[in-house]
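> quick one, structure for this:
(one chain, ligands or ions: 1)
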Amino acid sequence: MKCTIGVDIGGTDVKIGKFYGDQLNKKMIIKTNKENKGSNILQDVFKAIDKIVGLDQLEGVGFAIPGPVVKGHILGSENLGWERFDVESEIRMHFKNIDIYVLNDANAATVGEMAYGGGKKFKNFVFVTLGTGVGGGVFINGRLVEGVSGSAGEIGHLKVNTGNIRRCKCGLYDCLEQYSSATGVVITANELRIGRNTKLNEIDITCERVFDLAKAGDEVALEVVDEMVHKLSLGLSIVSSVINPEAFVIGGGVSKSGEFLIEKLRKKFYTYAFYSIENTDFVLAQLGNEAGIYGANYAVRNKII
Ligand SMILES: [Zn+2]
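Have a look, this model is predicted:
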């Protein structure tokens, strides 16, 4: 049978999905080998693809990569140890005469949510992924916006505080992801719990547990969540003033906190948004950590950009 492949290369593992049309048929996960500046990663992925394709006829491969991508070139990926290089040409050396599409991982997830998930009913939305970091993707008038140097939608690095308080791994200070990612939530929890009467002092703090305690009514945990929501709302109100989207589609591990987070976000957002910004929807993403492979597959099949 004819098949296409969606690949999502992450800092810890690589997800590979074999699709018959829109249908995910088989999934494979391999470890990301970051040794030698990640120079073996692509070869490992090629081998895995050959294996998962089996006797099927491969028609195209979409690659989602953690870093800015312009015309098939990655401009560098801190997560993988990659420097600037022409990813698409390297892939073409292995897979000849098939369609190849390379895009940024958050953009791939955005495409996935657009085609099959939380963004399906919107022509204009911003995807927000809240995980170890904060990422995003911008979809306007039915098109993905990548930006001249592949950096559109990098909302995790909006500045949401002054005073050079939390240094970000990008080199700047006080980026949104230092406050509203899972990592940021843990930092805030560790700051706010000190000297307070809270169950946070009795556990190994993870973002998930902070949210569980907040839902159970722990006052300090609630403060931690409110601080996370406050910073995220600030960031999203800025995004709204620039593109006024119909909706924000919220994904990533932190979004597992569900409507509890969405409700808080919706409320806080409107306290910061410009008065004419109204009817902005907040919805949960639906594809979980498969958004990237779905999006990469959709991108290569439909030549999305
Ligand atoms: Zn940053």
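> so does the longest helix belonging to the chain get close to the ion?
Scanning the chain for the longest helix, with DSSP state H as the assignment, gives helix 219-243. No. On the criterion CB under 5 Å from the ion, helix 219-243 is out of touch with the ion, staying 11.7 Å away. Backbone N, C-alpha and C define where each C-beta goes, glycine included.
> after that helix, which helix or strand is next?
strand 247-251 (DSSP states H and E).
> next helix or strand past that next one?
Downstream of strand 247-251 (by DSSP H and E), the next one is helix 259-272.
> buried ones in that following helix?
Neighbour counts over helix 259-272 (16 or more other CB atoms under 10 Å) mark 261-262, 264-266, 268-269, 272 as buried.
> the ion contacts on this protein?
157, 168, 170, 172, 175.
> turn those into TSV, including pLDDT.
Below are the residues of the chain next to the ion laid out as TSV (pLDDT from 0 to 100):
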residue	pLDDT
His157	96
Cys168	95
Cys170	90
Leu172	96
Cys175	98
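> most neighbours out of these, which is it?
Cys175 (28 neighbours; other CB atoms under 10 Å).
> tell me which helix or strand Ile59 sits in.
Quick fix: residue 59 reads Glu, not Ile. In this assignment (DSSP H and E), Glu59 forms part of strand 57-65.
> packing partners for that strand?
strand 2-9, helix 87-94, strand 99-104, helix 105-116, helix 291-302 (3 or more CB pairs under 8 Å, 6 or more residues apart in numbering; DSSP states H and E).
> hey, which of the ones you listed is tucked in deepest?
Among these, helix 105-116 has the highest mean neighbour count (mean count of other CB atoms under 10 Å), at a mean of 29.
> what's the angle from that one to strand 99-104?
Calculated by axes from the mean of the first three to the mean of the last three CA atoms, to 10 degrees, helix 105-116 forms an angle of 120 degrees with strand 99-104.
> tell me which helix or strand comes right after helix 105-116.
strand 125-130.
> quick check: buried residues in that next one?
For strand 125-130, by 16+ other CB under 10 Å, it's 125-130.
> for stretch 18-35, same thing?
For stretch 18-35, by 16+ other CB under 10 Å, it's 18-19, 28, 30, 32, 34.
> export those as JSON lines, with columns for pLDDT.
Listed next are the buried residues of stretch 18-35 as JSON lines, based on pLDDT from 0 to 100:
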{"residue": "Lys18", "pLDDT": "98"}
{"residue": "Phe19", "pLDDT": "98"}
{"residue": "Met28", "pLDDT": "98"}
{"residue": "Ile30", "pLDDT": "98"}
{"residue": "Thr32", "pLDDT": "97"}
{"residue": "Lys34", "pLDDT": "94"}
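> keep only those of those that are in strands.
18-19, 28, 30 (DSSP state E).
> which one of those residues is nearest the ion?
Ile30 (28.6 Å; CB to the ion).
> settle this for me: that closest one is touching Val14, isn't it.
Yes. Between Ile30 and Val14 a contact is recorded at 5.1 Å, counting by CB atoms under 8 Å.
> okay, and the common contacts of the two?
44-45, 48 (CB atoms under 8 Å, 6 or more residues apart in numbering).
> make CSV out of the residues you listed and add secondary structure and neighbour count.
Listed next are the shared contacts of Ile30 and Val14 as CSV, based on DSSP: H, G, I helix; E, B strand; the rest coil; neighbours: other CB atoms under 10 Å:
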residue, secondary structure, neighbour count
Asp44, helix, 16
Val45, helix, 22
Ala48, helix, 17
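> return the member of those residues nearest to the ion.
Val45 (27.4 Å).
> and for Glu223, the neighbour number?
Under the criterion other CB under 10 Å, the count of neighbours that Glu223 has is 18.
> didn't it look like it was pressed against Leu192?
Yes. Taking contacts as CB under 8 Å, Glu223 lies within contact range of Leu192: 5.7 Å.
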